[in-house]
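K.L.:
the following block contains a protein sequence and its predicted model.
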Amino acid sequence: MARILIVDDSPSQLMGIRRIVEKLGHEALTAEDGQAGVDAARRELPDLILMDVVMPNLNGFQATRSITREPTTAHIPVILVTTKDQDTDRVWGIRQGAKAYLVKPFSEAELSDAILRTMGADAAPAV
C-alpha cells in the first residue's frame, strides 16, 4: 500500500480522487492548496502526489517545482491533475518536475493507469 497525497482546492475533486486512490488499496492524504501540499509533502513524505494546478496561495506548478527541487522531497513523483489542457501547460508542468500530466475530467481508469505507470510495480496492491 502506497501513501498518496492529493492536493486540490475543490472538495468534490478531493473526494472523487480519494475514492479512486482508496479503491486501488492505497492510503490517501489530502491538502487543500499548493502551500498546504508542499507542507504535507515535507511532513508526510508520501509515495506519490496528485497535484491540481489552479489553486490559491501557491499554484500547482509552483508547488511541484518546490517539491521536486527540495532535496528531502525530490524523490516523490508528482502527477499534475488539472483542467489546463494546452500543450504549453503540459510542457511547463513537466519542466517543473512532474512525472505525468492528466487532464480533468478523467476516467477512473485513466487515473488508475497514471498512478500505476508513475509508481511502477510498487503501485499494485498486495493480493
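P.N.:
Thanks, I have the structure now. Residues are numbered from 1 along each chain as shown.

K.L.:
just the pLDDT for A126.
P.N.:
Per-residue pLDDT puts A126 at 39.

K.L.:
regarding the closest residue to L29 other than its chain neighbours, what is its secondary structure?
P.N.:
Taking CB to CB, 6 or more residues apart in numbering, and ignoring the residues beside it in sequence, L29 has L5 as its nearest neighbour in space, at 4.6 Å. In this view, the C-beta of every residue, glycine as well, is placed from N, C-alpha and C. Reduced to three states with DSSP: H, G, I helix; E, B strand; the rest coil, the structure at L5 is strand.

K.L.:
quick one: low-confidence parts of the chain?
P.N.:
Applying pLDDT under 70 to the chain flags the ranges 121-127.

K.L.:
which residues in it form helices?
P.N.:
11-23, 34-44, 60-69, 87-95, 108-119 (DSSP state H).

K.L.:
ranking those by burial, who's on top?
P.N.:
Looking across the helices of the chain with neighbours counted as mean count of other CB atoms under 10 Å, the highest average goes to helix 60-69: a mean of 22.

K.L.:
for that helix, which outside residues touch it?
P.N.:
Contact with helix 60-69 is made by 7, 34-35, 37-38, 41, 49, 51-55, 58, 73-74, 76, 78, 80, 82, 92-93, 96-98, as judged by CB atoms under 8 Å, 6 or more residues apart in numbering.
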